[in-house]
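In: one predicted model, sequence on top.
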Amino acid sequence: MIEARGLVKKYGSKTAVDGVSFTVRPGVVTGFLGPNGAGKSTTMRMIMGLDRPSDGSVTLNGKPYASHRSPLTEAGALLEAKAIHPGRSARDHLRALATTHGIGDRRVDEVIDMTGLTAVARKRAGGFSLGMGQRLGIATALLGDPKTLILDEPVNGLDPEGVLWVRNLAKYLASEGRTVFLSSHLMSEVALTADHVIVIGRGKILADVPVSEFVDDGGGSVRVRTPDAARLVEVTSADGVTVTADEPGLLQISGLDAQRIGELAAEHRIVLHELTPQASTLEDVYMELTSDSVEYRTEAPSAHGAAAAPAAPAADDVLSGSTQGDAR
């Protein structure tokens, strides 16, 4: 279990984390969401004792991380996948860490196999792709068979097989009664993995609820296609109702359910060609909740700007110039 109480972190005049309180419970996967600069990584670093709070406190399984006699068996963390000596092989890195905690080579071999590193275990970490570095970072976090797992952007750089593996791993560990706390910018992946979400923006907690409740609060909308859109807008106008036009004859209506919209259309003899309820997604609700907390906002490019924009370079996910992908 992770418990934060009034947690504050200041860097000079800037407050990165501002009076944050939350509890991450065992037995569920908790997603930690927020825009860039919201305070996610700083909070995770304070949990692991890497940053000292300016005020407040945070405990991990009842104590500050540094107070545990065997911290690696209490919590494993992936905070920076590249924080590994580039000249060491994956196996040597894990063995060195295991030795300092009295962990045997058998466990090293187990996590190497578990994370798909067997084929590259004796290769230097400096030659690893981003995805392979992530796998090594996760192997490091798992080394002590910890009660709590803290993962910052664990699927970054992983291929689809690797993303699915992380998802199943997180769920499996939670099913064993462990505490699993992970951050991600991939809302679709959080929706598939997490049972609970904590959302932070500008250093403050914006939401701390089960995923199902978080999504239900979005309310959803109804997609309506009609040749008489202007009249339908008139008859559905009311307090709490929002109508947007995606294109001529196509409306998105929030604040009324499909049944009521159909009744109003029939009452006013408005022809409907489509009436489709659409549930809110985790991404929809998250974007609305954090709209005022985004530090660096981008605008959609114009057609001219999009055409003129340079193409993104191909991802270089190559190990030692020959082995493709993050897993092989």
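Out: Alright, I've got the coordinates. Numbers count the residues shown, from 1 in each chain.
In: from here on, just use CA atoms for contacts and neighbour counts.
Out: Fine.
In: residues near the closest residue to residue 5 other than its chain neighbours, how many?
Out: Distance criterion Cα to Cα, 6 or more residues apart in numbering; nearest residue to residue 5, sequence neighbours excluded, is residue 21 at 4.4 Å. Neighbour count of residue 21, defined by other Cα atoms under 10 Å: 17.
In: isn't residue 21 up against residue 4?
Out: Yes. Taking contact to mean Cα atoms under 8 Å, the distance of 4.8 Å between residue 21 and residue 4 places them in contact.
In: I'd like the next helix or strand past the helix or strand hosting residue 31.
Out: When elements are assigned from DSSP states H and E, residue 31 belongs to strand 29-33. With elements assigned by DSSP H and E, the helix or strand that comes after strand 29-33 is helix 40-47.
In: pull the distance from that next one to the chain's centre.
Out: 14 Å (Cα atoms, centre = their mean, to the nearest Å).
In: average pLDDT across the next helix or strand after it?
Out: Past helix 40-47, heading to the C-terminal end, the next element that is a helix or strand (DSSP H and E) is strand 55-60. Confidence over strand 55-60, taken as the mean pLDDT, stands at 96.
In: same deal with stretch 110-122?
Out: Mean pLDDT, computed over stretch 110-122, is 94.
In: could you work out the end-to-end span of it for me?
Out: Start and end residues of stretch 110-122 are separated by 15 Å (Cα to Cα, to the nearest Å).
In: buried sites along that stretch?
Out: If you call a residue buried by 16 or more other Cα atoms under 10 Å, then stretch 110-122 has these buried ones: 111-112, 114-118, 120-121.
In: kindly report the same for stretch 33-47.
Out: Under the neighbour-count criterion of 16+ other Cα under 10 Å, stretch 33-47 has 33-35, 37-47 buried.
In: return the member of those residues nearest to residue 53.
Out: Closest to residue 53 out of the buried residues of stretch 33-47 is residue 46 (6.5 Å), distances taken as Cα to Cα.
In: can you give me the pLDDT of the closest residue in space to the closest one that isn't next to it in sequence?
Out: Distances taken as Cα to Cα, 6+ apart put residue 52 closest to residue 46, at 6.1 Å, once the chain neighbours are dropped. At residue 52, the model reports a pLDDT of 95.
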